[in-house]
Structures are given as C-alpha cells and as structure tokens.
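Trainee: Here is a sequence with its predicted model. Questions after.
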Amino acid sequence: MALRMSTLFLRTLREDPSDAEVPSHRLLVRGGYVRRAAPGIFSWLPLGWLVYRNVERIVREEMDRAGFQEVHFPALLPREPYEATSRWTEYGDTLFRLRDRRNADYLLGPTHEELFTLLVKDLYSSYRDLPLSLYQIQTKYRDEARPRAGVLRGREFVMKDSYSFDIDDAGLDRSYEAHRAAYLRTFDRLGLSYEIVDAMSGAMGGSASEEFLAPTPVGEDSFVRCTTCGYAANAEAVQIAPAKPVDATAVPAAHVEDTPDTPTIATLVDLLNSREDLARDDRPWAAADTLKNVVVTLRHPDGTTESLAVGVPGDRDVDLKRLEAAVTPAEVEPFTDDDFAARPQLAKGYIGPGALGAEHGIRFLLDPRISDGTRWVTGADVHGRHVVDLVVGRDFTADGTIDVADIRDGDPCPSCDGTLTLARGIEIGHIFKLGRRYAEALDLTVQDEAGGQITVTMGSYGIGVTRAVAAIAEQTHDDAGLCWPRSVTPVDIHVVATGKDDTPFDAAEAVIGELEDAGLSVLYDDRRVSAGVKFNDADLLGAPTIVVLGRGLQRGVAEIKDRATGDRTDIDLAEVATYLTDLVRAG
RNA sequence: CGGGAUGUAGCGCAGCUUGGUUAGCGCGCCACGUUCGGGACGUGGAGGCCCCGGGUUCAAAUCCCGGCAUCCCGACCA
C-alpha cells in the first residue's frame, strides 16, 4: 500500500532543530526520519525505519552470500565473560553497567567478542569444524563521554559484527579476505563512496587492520591518501619512513648559547634569527631546525609508571592519539609539576638529550626525521640556555625511534616519492585480525589431526548499520534536503498531486495502482495543501524520483523529476508506469 | 574531565541589562472563508511548572545562591 502523506506518521520541520550541527542530523530530524529520545539515543520514525531496514537488509544479504552464519546474542550480558578478558575494568566508564534484583552485575554489550568466543568453545572442539564465520546484527551500548553529530555517534547504535575462527594464520588470511570482499560489495550497494585505509588495531590487539572510511568534512577520523601510489591510512596509523643518515662531518662542534626568555619554540627561533653570530649560511632559522623534547608518563596495565621522552622537530606537535596507539596498552598521562619536581635534571622548557635516555631513567625516542647526521638546536638542560649544532649520532644517541608527530597535508608518502593529502571520513567499517587474544583468555582450543590442542585464531569485522544510514545521508544530501540512493530509499517513487479539483488526485491514484502492481513502493502526497509545500517536502524527504501530476495533465503528461540531478522529463500518462518501472529496475 | 553557550507553547526564538498589565512573535495545530505550481491570506481559537530548589522583595521569566539538563570545542573513544 502506498504511504499517504495525509495519514503518514510524519511531521517535517521548516526550521533546523537547534541541537543539530551536521547535515545528516539536521535533515534526518527535519525530514521526520528520527527523533532524539535522550542524548545520543534516537527513535526511528516510519520513513527512517524503512531506510534503516534497507541498509540492514543489504548488509545481511552480503554476509549470507559470503557464507557467514547469522546468530543473535542478547544485548544484556552477565559480567563474568568480560571479567575473564579483564574488559569489565578496562572498558571503564564507557560500559553501561546495571544490577539485577540479587545485586548481580550486568552490562549492556558494547561489543561481543567474549560471547562469540564462548559460544564456539561451547559447541566446537575439532579442527574439522573450522573455518567458521559467525555474525550478528545487534544493538550496542557505549556510554560515550560525548555523543555527537546525531545518529553518527550515538550511545545506542546498531552494529553488524562478525568473527572468524581458524586454526592457523593462513586460514585467518582467507577469512579476512572473504570479509574484505563482502564489505566491498556491501558498501558499493549502499551507494557509499569510501576509502580503505590502514588502521591501528587499537585496544583489541592483533595485527592487520583496515578501516572503511566514508569521506566527508564532518567525519571524526583523519586519514591520508597518497596522490601518486594509492597508499591510504588513518592518520593515527601512518608510518613515516626513517630518514637516511646525513653526512655531518662539516658541522661545527656543538656549542651552548645563552638564550634568555625562550621558553617556546617561537621565541627561540626569533632569538636565533636576531643573533648575527648564529646566522645560517643558507636561510633563516625555522621551527623545523629545533628539537623539541616532550616528556610524558606512561601508565602500564599492571599499574606501574614510566617516564618517556619523545623528540620531534619543533614545528611539530606530538599527536596524543598516535602516541596512545604506539604505546598501547599503556596509557599516556601528561607530565605534571610534581613529576618535574621529582626529576630536577629536567629544566622545563629547556629539556635536551643530555638529561634523557636510559641512563637517566627516562626512555628517549626520536621522530624518524631526527636521524643520524642531522643537526639541531635544542635545550641545554639549563634554564635560558640552548645547544646549537647538536648532531644526532655524533653528539648524542637515543633509545630508538617513535613515529607520533602530527601528520600534515603535504607530508611525504611513506611508500613512494609522492605527497600525502589529509582528509576526514566517517568510520563505517573496520576489519582486523584479532589473533589469539580472546581465544587464549577464554581458552578456545580445538583438537588437531595429531590429537593435540591448538588455540584458535580469530578475526573481527564490524559495520556500523545505523551509522551507515547517517553516512549515506551525509554524502548524498544537497541544500534542498536528503537524496537517497535507490538501494536504500524509503520509497521508490514520490508521487505529488497538485491542484484544487479531484482530477490530478484521480490520475495519481491510477498511476500509483500501476506502479504498485509492478512492485514499486510509493509515497503519495495526497494532502490538499499548496503545491509549494509539497514540492519542498518532496525535496527534503529525498526519494530518488518525484512524479508530479498537475499542470502537465492538460497535455496528457506526468512530470518526472530526478531528485539527484534535478533533471525534469515529461512522460505520457499512459507510459508513466512502465517508464518508472524500468527506471527503478535499472537501479 | 576542562573551556564556552543555552534552558520561555510541539518546533525556532524575543523578553532578562533597568523586577511591575492577562508573558510575546514566527512556524506548526483546530474552525470558517478566500486562494491553489516552489513553504498563500484573512478572521477566530486551543496550547505555558518561563529547567528545578532555595533566597531577596509589596511584587521575580527578569536580581542572588545552589542544583540539574542540553548543545558546541577539547580530552576521551574498536
């Protein structure tokens, strides 16, 4: 049955809701697709739920096509499995926790690795049962510190999560590739444009990891692309190639200079350039000639702490996200005044390599650009003094390299001679090889051919289903409203009848009957309101094809509008149904 | 958890500085009439715990104190 606007549970808003910033949030609310129920928690209205179900259906079809088997876990989970993998504590405040009447601890599942692992352990015990891939489409709960951007980052959301189980690395590779291929098909069908980027495997552990990012300015993830070779990576995961050693035999011996009132890189550079005796032959001093040493405290999972110094070029900052990723599972804490007091050899603002390194109890790691033979200005470990012409390898060595400086547009590509461009995207999918972390923690083993026990290796694969709805809206909307791809649109055809007498409405009923006989879904604007209201609502709601029955009827035609292109075509009334049916079937 | 902003009708907002009619405007909603192809118009209506709790005052949406909530930026975040 056609959805009739006169009775459809829908109210479009003429004005933007005041709490919505990003286009997808604004338009999904204005178009009556979703309503906010609580911060980061949304109700789906009839049109929104139609779109959601289409997205979910496509995801499910592609998982099934790939031979993965669907299961369904509860969202309300007991504490014990999460205790076994220590995530009951590791997840921290992000976990929604609750108690039953006997005061037993429960949680609302933020993710389901434990349950899948235990289920397989429960039923399978032989290598002959593997490989196996299971998936579910489930509501997940995460008490995010700051939900934002509407449906894009909620506290309740639907995720398709899959897990593969294999007996060896070669099997895991095959399972990973099977999921990757299924994801390509899925996102293609959803009408999303996306990039596959190298990613950090994050807190989950594991090795290979790729993210599917839908590029849009409102995306929360930054990623780089190489314009030359196709390399793409999440900004967190970019690995800068170590610079080649430089010949520094011509560099004069390092010398300490008085540099009063230069606690920052900018003030230091200004002072260097004002001193004629320190002038460079080739060019003025720049921030990139200085070596900035940042000290932080690492807190390891066992509770112990460690001081870590990171040396980066002075024009760069340490990207805390990248640092966290590099030192995981340790956590990074800023160096406090108390920490400085406990280590008097560190002159705040003038920290140099002389006070760092294993012999001083502070592990010292360098950005790859600070390679052997390169020459720097850096702190002299005395308030108000810096060292000039300090050469790496000749004058000091560090304990290793670490690549955690911020990534910038135009940085060199790590895998070719090209340059990187920086962009933002929404993470719509993530695939990675988990390895044996969960299998070991929960003792998932199977018997091998020889009768011994082998630990299963796993992969983990996620698609944000509700997030994909918003990502599609984000990528396809225009100034007038939403603009759905045919694969997920709530209705195939939006029929608008205009005019004051019954003629156009009668004509619409006839056309709609034919369309429905042909299997198309229709939204029919049968309201007796002015034409402008209907046209604007049709644009806002975003069905891919809008059919107007009104003035054209005098010439015996229906007016067809392509929502995405804005193109208008007149089609003879007698041929409208077959024309539209062909259009929809062609995709 | 830091910084900023905001809470007044279903939605978007004004009023608060300088306390004082019956708290106002636009959209939406109801009734009647006129309109009828890009968010029409007229007339008449319905709809309010002015976020909550204290306080000051003859009198508080408005001033003071304390909460709570929401949004934005950052921190955080498979």
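Mentor: Received the coordinates, thanks.
Trainee: Just the buried positions in stretch A:459-466, please.
Mentor: Residues of stretch A:459-466 classed as buried by neighbour count (16 or more other C-beta atoms under 10 Å): A:459-466. Bear in mind the C-beta positions are built from the backbone N, C-alpha and C, glycine included.
Trainee: Could you dump these into JSON lines and include secondary structure?
Mentor: Listed next are the buried residues of stretch A:459-466 as JSON lines, based on DSSP: H, G, I helix; E, B strand; the rest coil:
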{"residue": "A:G459", "secondary structure": "strand"}
{"residue": "A:S460", "secondary structure": "strand"}
{"residue": "A:Y461", "secondary structure": "strand"}
{"residue": "A:G462", "secondary structure": "strand"}
{"residue": "A:I463", "secondary structure": "strand"}
{"residue": "A:G464", "secondary structure": "strand"}
{"residue": "A:V465", "secondary structure": "helix"}
{"residue": "A:T466", "secondary structure": "helix"}
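Trainee: Now tabulate those residues in CSV and tack on pLDDT and distance to A:L291.
Mentor: Compiled in CSV, those are given as follows (pLDDT from 0 to 100; distance: C-beta to C-beta, whole Å):
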residue, pLDDT, distance to A:L291
A:G459, 93, 41
A:S460, 92, 40
A:Y461, 94, 42
A:G462, 93, 40
A:I463, 95, 44
A:G464, 94, 41
A:V465, 95, 47
A:T466, 93, 46
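Trainee: now, which of these lie close to RNA strand B?
Mentor: A:460, A:462 (C-beta under 7 Å from any atom of the strand).
Trainee: Which members of the buried residues of stretch A:459-466 define the maximum pairwise distance?
Mentor: A:G459 and A:T466 (23.0 Å; C-beta to C-beta).
Trainee: Figure out the length between the terminal residues of stretch A:372-386.
Mentor: 20 Å (C-alpha to C-alpha, to the nearest Å).
Trainee: actually stretch A:539-547, not the one I wrote
Mentor: 12 Å.
Trainee: What of stretch A:17-30?
Mentor: Stretch A:17-30: ends 7 Å apart by C-alpha to C-alpha.
Trainee: just the strands in the stretch 51-200 of chain A please.
Mentor: Applying DSSP state E, counting those that start in this stretch to the stretch 51-200 of chain A gives strands spanning A:69-70, A:76-78, A:96-99, A:105-108, A:132-141, A:156-166, A:195-198.
Trainee: The residue lying closest to A:G550 once chain neighbours are set aside - how many residues pack around it?
Mentor: The shortest distance from A:G550 to any residue other than its chain neighbours is 3.6 Å, reached at A:T498 (C-beta to C-beta, 6 or more residues apart in numbering). By the criterion of other C-beta atoms under 10 Å, A:T498 has 21 neighbours.
Trainee: I'd like the distance from A:T498 to RNA strand B, if you could.
Mentor: 4 Å (C-beta to the nearest atom of the strand, to the nearest Å).
Trainee: What of A:L549?
Mentor: Noted for A:L549: a distance of 7 Å to RNA strand B, by C-beta to the nearest atom of the strand.
Trainee: tell me the contacts of the nearest residue in space to A:Y135 that is not next to it in sequence?
Mentor: Distances taken as C-beta to C-beta, 6+ apart place A:S162 nearest to A:Y135, at 3.8 Å, with adjacent residues excluded. Contacts for A:S162 (C-beta atoms under 8 Å, 6 or more residues apart in numbering) come out as A:63, A:68, A:133-135, A:179, A:459-462.
Trainee: And A:S162, what's its pLDDT?
Mentor: Looking at A:S162, its pLDDT stands at 95.
Trainee: Which residues of the stretch 101-250 of chain A lie near RNA strand B?
Mentor: Residues of the stretch 101-250 of chain A lying near RNA strand B (C-beta under 7 Å from any atom of the strand): A:111-113, A:142, A:144-149, A:161, A:202-204, A:220.
Trainee: All set now, cheers.
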